[in-house]
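> Sharing a model prediction with you, sequence too.
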Amino acid sequence: MKGVLLVNLGSPDSPTAKDVRPYLDEFLMDERVIDLPYWKRNLLVRGIILNTRPKKSAEAYQKIWWEEGSPLIIISERFTKKVADQVNIPVALGMRYGSGNIQEGLEKLMAQGVDEVLLVPLYPHYAMSSYETVVVKALEVQRSLFPDLKMTTMPAFYKNADYIKVLGNSIREGLADFEPDHILFSYHGIPERHIYKGDPTKFHCQLNKSCCTTNSVAHHSCYRHQCLATTDMVIEHMDLGENVSSSFQSRLGRDPWIKPYTDAEFERLAKSGVKKLAVITPAFVSDCLETLEEIAMEGKEQFEEAGGVEYKHVPCLNDNDDWAQLMAQWIKDWEAHNTLPV
Ligand SMILES: C=CC1=C(C)c2cc3[nH]c(cc4nc(cc5[nH]c(cc1n2)c(C)c5CCC(=O)O)C(CCC(=O)O)=C4C)c(C)c3C=C
Ligand SMILES: [Fe+2]
Ligand SMILES: [Fe+2]
């Protein structure tokens with residue numbers, strides 16, 4: 001029987017430094033997140049970052065934590081249930097890091113008689129540190145523990161026309177009572193090095209004005225191209241016009257990350273006369289620490305301190321009915337015809 005495993009990033013068990021520490025350890029010791037040789041990564045993560053970051057992160061998590069738990073987990077569970085209610089095959093949820101992991105998700109499916117799984121990384125865009133690490137981890141678990149399980153992976157859906165329509169409509173709804181001077185599409189950032197590393201041609205990606213709009217095989221794994229393409233397609237779908245731009249948030253460390261940086265854009269936009277700013281965060285299918293704290297709270301403060309007047313973070317798709325229905329349709333298409341969204 002066929003079944004589906006939806007995978008999101010995961011959260012700590014509670015917003016305390018004690019629980020954030022092992023979560024960050026697993027996350028940052030992932031060689032696709034901090035891509036240094038093991039000894040250097042070990043030294044940086046366990047010798048430096050984990051001395052201070054768990055306390056600081058726990059404080060941020062405390063600001064956004066819900067009574068039921070982590071917003072990312074609760075929203076992912078609600079979404080999974082809505083999708084499962086619309087299809088005739090088992091659907092489970094797994095997390096890349098922390099509790100409720102990929103192995104547990106696969107075990108739940110196999111207990112229901114599943115021998116063929118559609119793996120769905122819940123990321124619209126391909127990055128080594130998000131989509132790719134989910135796929136590699138799931139394949140590792142499958143090979144070592146469930147060798148007879150067949151696994152198919154859903155591609156990154158950043159330019160799927162139906163996804164763009166659902167995203168655009170949810171943005172329109174989010175902006176029903178707010179007419180911004182400017183709309184900023186803020187995507188999670190990655191180090192520039194990851195873009196060069198993921199370029200199969202080793203020449204195409206230059207992080208300049210034209211590489212991401214010049215057709216290339218590199219786009220299959222170019223996170224920057226895929227994010228900018230999502231913005232362009234939403235602009236077209238919503239007929240948004242001029243006052244729209246993209247930026248990249250959540251930098252960690254001193255290496256250069258892809259630009260422009262969201263925090264610098266808050267300041268630049270406010271100083272260039274933007275008074276009413278709307279921020280969209282399409283790298284995340286569900287709201288999480290990076291959207292609820294960094295964008296909705298910190299971003300508002302940064303924009304207003306720089307002279308901005310009104311600010312709105314438009315929620316992610318979360319458990320939006322049309323989004324759940326679209327995912328269910330993709331699953332039904334795969335179940336019946338083995339087709340995947342393009
Ligand atoms: C949307 C895709 C994501 C990419 C790409 C990504 C890359 C990436 N992230 C870090 C470091 C951290 N990210 C943190 C939180 C976090 N990251 C994503 C998604 C992507 N990350 C999400 C959905 C979340 C929120 C999790 C939640 O529980 O709500 C954190 C933890 C919090 C903190 O201490 O700031 C870190 C650390 C790196 C280094 C990276 C690329 C190399
Ligand atoms: Fe992240
Ligand atoms: Fe590119």
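Received, thanks. Ligands and ions are numbered 1, 2, ... in the order given.
> who touches Pro200 in this structure?
Under the criterion of C-beta atoms under 8 Å, 6 or more residues apart in numbering, the contact list for Pro200 reads Val217, Ala218, His220, Ser221. Heads up, the C-betas are built off the backbone N, CA and C, glycines and all.
> Is ligand 1 within reach of stretch 252-263?
Yes - using C-beta under 6 Å from any ligand atom, stretch 252-263 comes into contact with ligand 1 via Leu252.
> tell me which residues in that stretch are buried?
By neighbour count, and taking 16 or more other C-beta atoms under 10 Å as the criterion, the buried residues in stretch 252-263 are Trp257, Ile258, Tyr261, Thr262, Asp263.
> Leaving out chain neighbours, which residue sits closest to the last one?
If you skip the residues right next to it in sequence, Asp263 has Gln302 as its closest partner in space, 5.9 Å away by C-beta to C-beta, 6 or more residues apart in numbering.
> Excluding chain neighbours, what is closest to the residue positioned nearest the centre of the chain?
Taking C-alpha atoms, centre = their mean, the centroid of the chain lies closest to Phe284, which sits 3.6 Å from it. Distances taken as C-beta to C-beta, 6+ apart put Cys316 closest to Phe284, at 5.0 Å, once the chain neighbours are dropped.
> surely that neighbour meets Val279?
No - using C-beta atoms under 8 Å as the test, Cys316 is too far from Val279 to be in contact (11.3 Å).
> Just confirm Leu277 is within a strand.
Yes - if the criterion is DSSP: H, G, I helix; E, B strand; the rest coil, then Leu277 is within a strand.
> That one: what's it in contact with?
180-184, 266, 269-270, 303, 308, 310-312.
> So what sits opposite it in the bridge?
The bridge-partner assignment for Leu277, based on DSSP bridges, gives His182, Tyr311.
> related to what we said a few turns ago, tell me how far the residue nearest to Asp263 lies from Glu107.
Distance of Gln302 to Glu107, computed by C-beta to C-beta, to the nearest Å: 44 Å.
> now Trp65
When Trp65 is compared with Glu107 (using C-beta to C-beta), they lie 28 Å apart.
> more neighbours, the two?
When Trp65 is set against Glu107 and neighbours are counted by other C-beta atoms under 10 Å, the residue ahead is Trp65, at 19 against 15.
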